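A.B. asks: Prediction below, plus the sequence it came from.
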Amino acid sequence: MANLLDYLAWRGDLPLSAVPLCDVDALIFARLSYVPFDGIAESRVPLYMAARQVLASVQLSDAPRACGKEDQQLLTQLLQSPRYADILLDGYENIFDPVRQEQFSALTLHLPDGSAAVAFRGTDGTLVGWKEDLNMSFAPVVAGQRRAVQYLERAAGMAPGPLRLGGHSKGGNLAVYAGAFCAPETQARIEAVFNNDGPGFAPEVLEAGGYRNILPRVQAFVPQTSIVGMLMGHGDDYTVVRSDQVGIMQHDPYTWQVLGPDFVRLEQVTAGSRLVDRALKDWLAGLTREERERFVDAVFGVLEATGAVTVRQLVDPHNARVLVRAMTGVDEKTRAMLLRVLSALASSAGRAVRQAAAP
């Protein structure tokens, strides 16, 4: 089966003027927001020049903001693609603030027809990035969402034409949030919002007028065993895309299958995805916001006590002993709370399994 890179090899020679943007192009834009364009794309620069500079300086690394092998291959193919030759990158922003528990990055792409695409990066491999994601389970708005609105307004001021927004994972959430809570005159210029397996929102967001206004323009995509994209509340319908991976690995957009100019679409998510969705929603509904906040803070307090900065460092077998020590250092009250909340999760999972098995 083909993926994003195969799509570029097949369609890369057709300029945007000949064949308009499609959903797969929008996912490629979203993936570009993960590329470390620091010092390269803060002001307008041709995409091919920016790609060349990244490839000339990049080194493969396990660092969360490193340019991975597939992203390097993507950039290499974009260098040879007439379809993207006239795109200008602009406004690259990359913020990492452990104190504010914020991990944010975005990029603006100016297209030859005078329109612009704003791409928001999803969660990177840092604990801070994942902590901000989980903060969404109890906070109506997090720092990255506020910054996404501010970024969109600045981008709109530099790009007077039509706008498209998009992102993958948390980036999809940020794209929808920015489109919902930007100024009315900015929202009126938004043609589409592409949410690629991004988590949902608190009830306050779903009920807001700006969210309801932008909803008809939101195009949501999830893989068949989606987990991230089913979290929290959603008001939009979604398209199910076939992935060639299993479980949480389907979250990787390079595993999404493409046929010609479109994704390989399926009728619905798998039973496993629905099961996880039901269990998590039931679990969260049984906790107050204060309980969710205390649980998230306690879990990350243990994780941070290991000294790990990234998820990769955390799961390193050499750090297992440090993690055990950090867990044993938790006070009795916090340990009891963690066990109580995890027990509630197990109960929710059991109920979901029984409901799924019921005739």
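C.D. replies: Good, I have the coordinates.
A.B. asks: From here on, just use CA atoms for contacts and neighbour counts.
C.D. replies: Noted.
A.B. asks: What ranges does the stretch 201-350 of the chain have for its strands?
C.D. replies: Along the stretch 201-350 of the chain, counting by DSSP state E, counting those that start in this stretch, strands occupy 218-223, 238-241, 258-259, 262-263, 265-266.
A.B. asks: Would you reformat those as CSV and include distance to Gln72 and mean pLDDT?
C.D. replies: Below are the strands of the stretch 201-350 of the chain laid out as CSV (distance: least, Cα to Cα, whole Å; pLDDT from 0 to 100):
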stretch, distance to Gln72, mean pLDDT
strand 218-223, 23, 94
strand 238-241, 24, 92
strand 258-259, 20, 93
strand 262-263, 22, 92
strand 265-266, 27, 92
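A.B. asks: will you turn those into TSV that also has distance to Arg100 and mean neighbour count?
C.D. replies: As requested, the strands of the stretch 201-350 of the chain are arranged in TSV below (distance: least, Cα to Cα, whole Å; neighbours: other Cα atoms under 10 Å):
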stretch	distance to Arg100	mean neighbour count
strand 218-223	29	25
strand 238-241	32	22
strand 258-259	38	18
strand 262-263	37	18
strand 265-266	39	16
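A.B. asks: Just put these in JSON lines and tack on distance to Pro98.
C.D. replies: Listed next are those as JSON lines, based on distance: least, Cα to Cα, whole Å:
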{"stretch": "strand 218-223", "distance to Pro98": "29"}
{"stretch": "strand 238-241", "distance to Pro98": "33"}
{"stretch": "strand 258-259", "distance to Pro98": "37"}
{"stretch": "strand 262-263", "distance to Pro98": "37"}
{"stretch": "strand 265-266", "distance to Pro98": "39"}
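A.B. asks: Would you mind saying which of those strands lies nearest Gln250?
C.D. replies: strand 218-223 (6.1 Å; Cα to Cα).
A.B. asks: Pull the closest one out as PDB, backbone CA atoms only.
C.D. replies: The C-alpha coordinates for strand 218-223 follow below in PDB (Å, rounded to 0.1, in the frame of the first residue of the first chain):
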ATOM      1  CA  VAL A 218     -13.800  20.900   9.900                       C
ATOM      2  CA  GLN A 219     -12.600  17.800   8.100                       C
ATOM      3  CA  ALA A 220     -11.500  15.200  10.700                       C
ATOM      4  CA  PHE A 221      -9.500  12.000   9.900                       C
ATOM      5  CA  VAL A 222      -8.700   9.100  12.200                       C
ATOM      6  CA  PRO A 223      -7.000   5.700  11.600                       C
END
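A.B. asks: What strands line up against that strand, and which way round?
C.D. replies: strand 190-196 (parallel), strand 238-241 (parallel) (DSSP bridges).
A.B. asks: Nearest to Leu78, out of the strands of the stretch 201-350 of the chain?
C.D. replies: Closest approach to Leu78 among the strands of the stretch 201-350 of the chain is made by strand 258-259 (17.4 Å; Cα to Cα).
A.B. asks: buried sites along stretch 245-263?
C.D. replies: With burial defined by 16 or more other Cα atoms under 10 Å, the residues of stretch 245-263 counted as buried are 245, 250-251, 253-258, 263.
A.B. asks: picking that back up, any chance of the strands paired with strand 218-223 in JSON lines, with distance to Ala346 too?
C.D. replies: As requested, the strands paired with strand 218-223 are exported to JSON lines (distance: least, Cα to Cα, whole Å):
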{"stretch": "strand 190-196", "distance to Ala346": "29"}
{"stretch": "strand 238-241", "distance to Ala346": "28"}
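A.B. asks: now for these, which one comes closest to Glu42?
C.D. replies: With Cα to Cα, the closest approach to Glu42 among those belongs to strand 190-196: 22.5 Å.
A.B. asks: Please enumerate residues in contact with that closest one?
C.D. replies: Residues outside strand 190-196 that contact it (Cα atoms under 8 Å, 6 or more residues apart in numbering) are 23, 26-27, 162-169, 171-173, 175-176, 179, 217-222, 229.
A.B. asks: for it, what is the average pLDDT?
C.D. replies: Average pLDDT, strand 190-196: 97.
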